[in-house]
Structure formats: structure tokens, C-alpha cells
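Undergrad: model this:
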Amino acid sequence: MKTANEIRQGFLDFFRSKGHMIVPSAPIVVKNDPTLLFINSGMAPFKDAFLGNKPAPASRVADTQKCLRVSGKHNDLEEVGVDTYHHTMFEMLGNWSFGDYFKKDAIAWSWELLTDVYGIPKEQLYVTVFGGDEKEGLPMDQEALDFWKQHIAEDRILHGSKKDNFWEMGDTGPCGPCSEIHVDCRTAEERADGKGADLVNADHPQVIEIWNNVFMQFNRRKDGSLELLPAQHVDTGMGFERLVRVLQSKTSNYDTDVFTGTIAATEKITGKVYTFGDDKESIAFRVLADHIRAIAFTIADGQLPSNTGAGYVIRRILRRAVRYYYSYLDYKQPLMHRLLPVIAEQFKYVFPELEQQRDFVAKVIKEEEEGFLRTLDKGLKKMDTIISSAANKTIGGADAFELLDTYGFPIDLTRLIASENNLSVDEAGFEAEMKQQKDRSRAATALDTEDWVIVNEGNGKGFVGYEKPEADTKVLRYRKVSGKGKVQYQIVLEQTPFYAESGGQVGDTGKFLINNEELIINNTKKENDLIIHFTDSIPENLQGDLTAYVDIRRRKNITVHHSVTHLMHSALRQVLGGHVAQKGSLVNDEYLRFDFSHFAKMTDEEIASVEKIVNEKIRQNIPVVIKSMSKEEAIAMGATALFGEKYGDVVRVVVMDPAYSIELCGGTHVGSTGELGYFKITSEAAVAAGVRRIEAVSGEAAEKIVAAAFAEINTIRGLLKNQKDLPKALENLQAENSVLGKRIEGLEARQLVVLRNELLQKDEIINNVSFIGQIVEVPHSDALKKISTDLKNNLHDHLVVLCANIGGKAHVAIGISETVTVAKNLDAVKIIKDVVSPLIKGGGGGQKILASAGGQEVGNFAEVIAQVKALI
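TA: Predicted structure coming up:
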């Protein structure tokens, strides 16, 4: 039986023999594409090639691509672990033709690989072809049918609907008819029933699709119409995990050596035994085996868990895993990080980035687990409160939503705990709350993007602004984008000096001049590899010559901060150690922000050392040398490449002293380090588990911050009457302030004693309870509570209500002896909530015997005292 690694290599070797270039997987985390958070199909990294926006790496390409599907159109998350073949992170084996071969060769090679190379019995295979769609005006794919008939009996060729056999990336974009290959993995006895064809695309767990040949012919426009692509392409995808299952004769993907190592490690950690069943414990084993891959590879590719966007997706996957081992494996401490060595070792030759960052990724996962386990514990306490007050043996929809939104409890966990307590959940109420949240989210982010309007044909030369901040060019296309009550236009030029936001560097701003009209450009971004310029308005006529001018001063300040980031990165590695790796950055005209892997707060001495090294390199005025070379050459000369970045075969290398800083970088840079002027770190803090963040300034921004600091010092000096030794003068001021503070405290204490004695004289007995209700004058709200406590020591069975107007705000304190709380069934917190807060238009809290409140209304003190008095 072949191992998973041998099966993967067999695929790549086969297509290498057919003249395909083997390319590495793109990072699973997507950048510069507003339509995707993660790579969710093998074709996603080649989208621009299919659209004709950029050339493909070769006319024939093959790869194994890391993919993630958990949200949007391809939402498989809730099925993962429950069934035997859905996954979050999966490998997609693919072969691609960019304007080269089409249906004939794609079909022949897929059949040859599956039957001749891998040896899958032909009688277990079925194929599908697109059966046409009248509404779209699309005929049946007769061409694919005719080619398949050369390899397989016609009764095993099934005609599929548009839903199953017309592949589309999303609402818009490349699409075309597809031809799927399905394998019937049932036993020979079951296959003898002759009903295998009826089970294709029927969600049967043993009759599964393993390969899809997509014939890219069209582009779906925003209005729903189809247009032919510039050239015909082939996009195929074969689920690696499913293929291994078939070739290893297993009934579940999780029984293959892709997952068995992780499951065995989980057994060892938890002391539980995986039983291959459908029970919750078995599902938990499968959830962990799947989810650790998604979590580990996305973090390794640069996406840290967070509360928004792609980071929230990773946090959600991790929390689902934690819930499963917490609830069903009875494991109450971090577990997932302990599985990382197994995954890193398993994939070190195919996806080496995980092994190279093993310690960092494990640290992030462990801290994320610890944080959620604490939240989970709080959530269980919240659940106890909800259960104790559940009406009609039902947990309300709003409560179920709060458990999800605040404590990370998904509805399935709430259902489980509810059933254990003989309760049900208001599912309709929960769904209504979820819909409201989704509607709010959609409303906040909804964009209406119109189709591109072609002004001039062509693909353009891209960015030409490294040397000159202006260029003569012309408009190729534009489109209108509406959202959040604002209309903008996006423009693509034949060539542009405007740098598009990427690699942490913000996009350029500036202006266009066309036909004697000026367009203000307020941002520049990339969509895949297309450079898009943003403007609030456009003239009627965009034909003709255009001159693009970058805001030179802003670009210069951005460039300074980008170059100094390189110097700082090397200094951090020199001071803190070689484990330091960039985990994110922002470079703009005002400051730089740099996230890096490190597990401790930097000391003042370490920060000073980094600043000293960088400023020394600035004073040395080192030439900044920029070269283009192959990625292999760059790595061989010691260049630093960033995890999670996708590099081409030819890379741009920025060198600031070969012995100090060599990095792969597409950003703009100064000519020599002397142009950076001065460097200063302004802050250093934690941003995530195992990740620190530095903010710093250089050049003009550093001058401003130094000038502001000196101005502040001079102001302080003036306030201190021009003392020469400022630190000593401040120490003296603090000491004097401390002495005066103690004197004031003493005076206040004596004043409160006098006030307490006056209040004791106003004590009245009501139904055997000593009652004091007065409006008093005190310097601050704490004094009210101090007096209430002091009165308690001088009274027995009592109820005290004190009111004060402090700085125009209402303050009230309630004090009750424990004997009165029992005898009269009184609670100071409840009195504050029910009686006091409405009258003073405020709120507060405290304990049963002492509580306080603050509010806006100072005119109702008499009514407050009367209503509290009435309680006894």
C-alpha cells in the first residue's frame, strides 16, 4: 500500500512527464484580493492568469495547493468530523492548462493517471458531464461526452445539472462546464446492486467525487451574463485526502496515514481510544485531527487569531476544537499545541514553513487555547445562571446568542448543556438574533461593484514608479463602486508610478491630469495583481493621454519608514536572537509599525541597543543596492524571505550592507541610509501570543517627535520656574504633593468624624430599625461609603441613606445591617437598582449591606430618602 507522500509525489511526477512545471503551493492566507480571505480552491492563485491580467508561470502547471473552506459559498465547517470526508484545510492536487491543451488531453490524462498509474478499477468509476442549461442558453457539453466515450462505457457517463457541472468561483469571475470523476468505494457485494450511478452526487459516504476537470471558457459578469475568456483553460482539482482514502482502501479519510498519526498522538495525550464511530468522542478525535492542520498552516502563513476577518475564522476553528476536547474527551487543559510536532514532521518536505516556525506556532496556539479555556469556564458559570432562571424549561434565543457572541459557545454546545439539564433552546429566537447580527454586518461592509468599462484595450505594464514619481500613460479601464453611502471610482492605467498597497507599505496618493482636468487619487491598491487607483469622481471623457503624479513628499516619508524597517529588523535579530521573524508591518508617511515573533517584553536596554545599531547604520550612509535575481540565488546569498508571502521566480532583493541586511522586498527605498536622518522607537507592546509590536519613526517624522518632546520639556521647565535639574525638581514636587495629600486626608477624616456625630444625633427609630436619611456635603463619593461604614460601627439594627451633590452629580449610598436585611428582606443593591437609580437617572451597585449609585439628577434627593424610608 502506497503512503500518502508517495501518492502525492506520484501525481506530481506524472504531470511533470506530461510537460508541466511543478510549482509550490501559494500561501493559504490571501492578500490583495477583496473577494477571498483564504485560498479555497486550487485555481484561486491563478485567477489573474485566467482573467488575462497577468501571464501564467507556464502554459502547463501542476501543484498541490493548501486550501481552506469554512465560510461563504463553500461552508463545510459544521460537517467536519461528523462525516468522513469534509475538511477545513485540505490539499488540492491540480493540473492547469493556460491556453494550451483543453478537454481531450485533460480527460485522457486524468483517466490514465487514475486507472493505469494508481490502478483504480475502471468498473468503480463514474464520470459526469454538463447537461446544458436552457435558462443560460448553454448546450450540453457534447465535446466532453465524446472524449469520455473513448475511455468509459456511456452508461457510466452521467449528465449533470448546472448546480453540479458548471463550476463558478463566486458570483462573478472565471467559470465553465466541468466533468467530475466519482469512485464507488462500496463493497463488491454492495456494488453488485447496479445502483452506483444513482448514488453519484447524492451525498453517499462511499460514492464520492475525487477529481473535477473544469474547462474555463467564460467570465461571469456582475449582471449575470457570460462572456468568453481571452483563451480557453483547464483547471483541475483532485482532493488529496479523498484520493489517499481510495488508494489505501479505507472507508474514511481519517483512517488514512494523512490523519492516523495525529489521532494516535491525541489518544496518547488524553488516554482515550478512538473507536472509528459516530459517537461524540470519535467525532472529537476527527475534529482535532482536521482542525490542527487548518490552525497551524494559517498561522505559519502569517494569519494570527483575532476578532475580525480571517483571524476570526481561525479563532473560530480553534475554539471549536477546544470545545470538542473539553466536552467529549474530558480534557480541561491546552491540547492542540501538543499535536503541532506531529503535523510539522509529517509535512516538512512538502510544506516546510511549519517545521521552520514550529515553536512560534505552538506558542500562539497554546496561548489562544488558554485564553478560550478561561472564557469557557466563565461561560459555563453564565450558563448556570441562565439555567437557574430559565422560564418554561427553555433557554431563550437572546441568551443562546449571548453565549455565542460573548463566550464563544456555539449553539450545539448550548443545546448539549441544555439537554443535560432537561431544557430546550429557543432555536427560532436564536436564529433571529443571528440574522440581525449578519444583517448589521452585511450593511456595514456591503459594496456594490459594477463591471469594468473598457476605455483602451491591453493589459498594461504595471508599476513603473521606482525611479520616477510621474508617468505619461492612459486609462485602460474603470468601474464604479458604491458602499457605506459613498461612491468611488477605480481606475486601471496602462502603466503607473503609483505604488499599490502591499508588503505593509501603504498605497500612494496624488493626482491625474487628463484633458485639462485634474483627478485627485486618494489611494492605490492591488486586486490580485491589478493596480487600482481610487478617486471620488471622474470626467466624462477618459480617452486620451494622461499624466500621473505621485505626492512626492508623502512618498518620500513612506520610503524612509520602509527602508528603516529593514535596518530595524536586522537590529532586532542581532539584539534579541535569530528567532525574530516579521509577522506583519505597516509603513506609512507618519510612522512604521512592525510585528515580530518574540516571547518577552523588550527591556529598556534592548530597545536602546536596537536604536543605537540602527542610528549607527544611518550615520554610515550605506548605499541601498537593489537587484533582481532568481529566488534561489537570493536565498543562497542570505536574503530574508517572509513566511506567508508569495514570490515569483524572479525576486527583488534590497541590500543594505551584505553583512547586515538582505531582504526580498517589492517596496520603495532610499538611495542610501543617510537619507533616513534619525530613528526612534516610540512604543513596544504585546499584540498576540508570541508576537510583539514596535512603533517607530524616522526622517521628518522623527524630527517632529523630537521637537515636540523638547517643547514639552521646555513647558515643564517653565512651570517649574526654570529648574536646571528637572528630575530632581519633579521628585521634590511629588514629595511635597504627598505631604499635602496626607494633610488633606487628615482634615477630611476629622471632618467626616464631625459629620458622623451629627448624623448619629438625627437617628430615628422606625419599627425597631434605626433610620438615618440625610443630604450631606462631602468632597468625594468615597466619603459617603466611609461614613456609611463608620455609622454601622455605631448602630445596631439600621438602614442608612446618604445623598450628596458632588460637582453637580448626584451620589447616593445605602447601608443596611445584616439583621435588617434578614428581618425586612432588604438588599442594598436591589434598593439602588429599583428605587435610587430611576430617581437620580443613573446606576450603581455594590453588596447586599452596602451599595452606592451615581447619576445626573440632584433634585430628587428628598424623594430618594422618603422612598427608602418607606421600605421599613
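Undergrad: helix/strand/coil for the residue sitting nearest the centre point of the chain?
TA: For the chain, the residue nearest the mean C-alpha position is Gly311 (1.7 Å; CA atoms, centre = their mean). Three-state call for Gly311 (DSSP: H, G, I helix; E, B strand; the rest coil): helix.
Undergrad: Need the per-residue pLDDT for the spatially closest residue to it that is not a sequence neighbour.
TA: Excluding the flanking residues, the one nearest Gly311 by CB to CB, 6 or more residues apart in numbering is Pro305, at 5.4 Å. Backbone N, C-alpha and C define where each C-beta goes, glycine included. pLDDT recorded at Pro305 is 90.
Undergrad: got it, and Gly644?
TA: At Gly644, pLDDT is 65.
Undergrad: The one 5 residues further on too?
TA: In this prediction, Asp649 carries a pLDDT score of 77.
Undergrad: contacting residues around it?
TA: 57, 630-631 (CB atoms under 8 Å, 6 or more residues apart in numbering).
Undergrad: Equivalent analysis for Tyr85, please.
TA: Counting by CB under 8 Å, 6+ apart, Tyr85 makes contact with 205, 208, 241-242, 245, 252-253.
Undergrad: does Lys511 have beta-bridge partners, and which?
TA: Ile520, Tyr549 (DSSP bridges).
Undergrad: what's the distance between it and Glu467?
TA: 19 Å (CB to CB, to the nearest Å).
Undergrad: These two: which has the busier surroundings?
TA: Using other CB atoms under 10 Å, the more surrounded residue of Lys511 and Glu467 is Lys511, with 16 against 6.
Undergrad: Go ahead and confirm that one touches Glu518.
TA: Yes: between Lys511 and Glu518 there is a contact at 5.5 Å, judged by CB atoms under 8 Å.
Undergrad: Does Val820 belong to a helix, a strand or coil?
TA: Val820 ends up helix, using three-state DSSP.
Undergrad: what's the answer for the one 5 residues further on, then?
TA: The local conformation at Asn825, judged by three-state DSSP, is coil.
Undergrad: Not including adjacent chain positions, what is the nearest residue to Asp287?
TA: Let me fix one detail, which is that residue 287 is Val and not Asp. Val287's closest residue in space is Gly81 (CB to CB, 6+ apart), at 3.7 Å.
Undergrad: Count the residues that sit near the one you found.
TA: Neighbours of Gly81 using other CB under 10 Å come to 25.
Undergrad: quick one: what helix or strand has it in it?
TA: Assigned by DSSP states H and E, Gly81 falls within no helix or strand.
Undergrad: residue contacts, it?
TA: Each residue near Gly81 by CB under 8 Å, 6+ apart is listed here: 283-284, 286-287, 290, 324.
Undergrad: quick revisit: show me just the buried residues among the contacts of Asp649.
TA: 57, 631 (16 or more other CB atoms under 10 Å).
Undergrad: Mind picking the lowest-pLDDT entry from the contacts of Asp649?
TA: Lys631 (84).
Undergrad: so it makes contact with Val651?
TA: Yes: using CB under 8 Å, Lys631 is in contact with Val651, at 5.0 Å.
Undergrad: Now do the shared contacts for those two.
TA: Residues touching both Lys631 and Val651 (CB under 8 Å, 6+ apart): Leu664.
Undergrad: hmm, back to that, report the separation between the residue nearest to Val287 and Tyr328.
TA: Taking CB to CB, one finds Gly81 at 10 Å from Tyr328.
Undergrad: shared neighbours, the two?
TA: Counting by CB under 8 Å, 6+ apart, the contacts common to Gly81 and Tyr328 are 283-284.
Undergrad: Could you tell me how many residues sit around Trp709?
TA: Just to correct that, residue 709 is Ala rather than Trp. Neighbours of Ala709 (other CB under 10 Å): 11.
Undergrad: so it is in which element?
TA: For Ala709, the host element (DSSP H and E) is helix 700-719.
Undergrad: For that helix, name the packing helices and strands.
TA: Under the contact criterion of 3 or more CB pairs under 8 Å, 6 or more residues apart in numbering; DSSP states H and E, helix 700-719 touches helix 552-576, strand 679-688, helix 726-760.
Undergrad: Kindly provide the whole-number mean pLDDT of the longest one.
TA: When you say that, I think you mean helix 726-760. Mean predicted lDDT for helix 726-760 stands at 88.
Undergrad: Could you check the angle it makes with helix 700-719?
TA: Counting by axes from the mean of the first three to the mean of the last three CA atoms, to 10 degrees, helix 726-760 lies at 60 degrees to helix 700-719.
Undergrad: following helix 726-760, which helix or strand comes up?
TA: Helix 726-760 is succeeded, C-terminally, by strand 764-766 (DSSP H and E).
Undergrad: Given that following strand, what are its sheet partners and their directions?
TA: For strand 764-766, pairing defined by DSSP bridges yields strand 769-775 (antiparallel).
Undergrad: Torsion angles phi and psi at the residue lying farthest from the centre of the chain?
TA: In the chain, the residue that sits farthest from the middle, by CA atoms, centre = their mean, is Gln761; the gap is 64.3 Å. Dihedral angles of Gln761 (phi, psi; degrees, to the nearest 10) stand at phi -70, psi -20.
Undergrad: how about the helices in the stretch 51-200 of the chain?
TA: In the stretch 51-200 of the chain, the helices defined using DSSP state H, counting those that start in this stretch lie at 103-111, 142-148, 162-165, 188-191.
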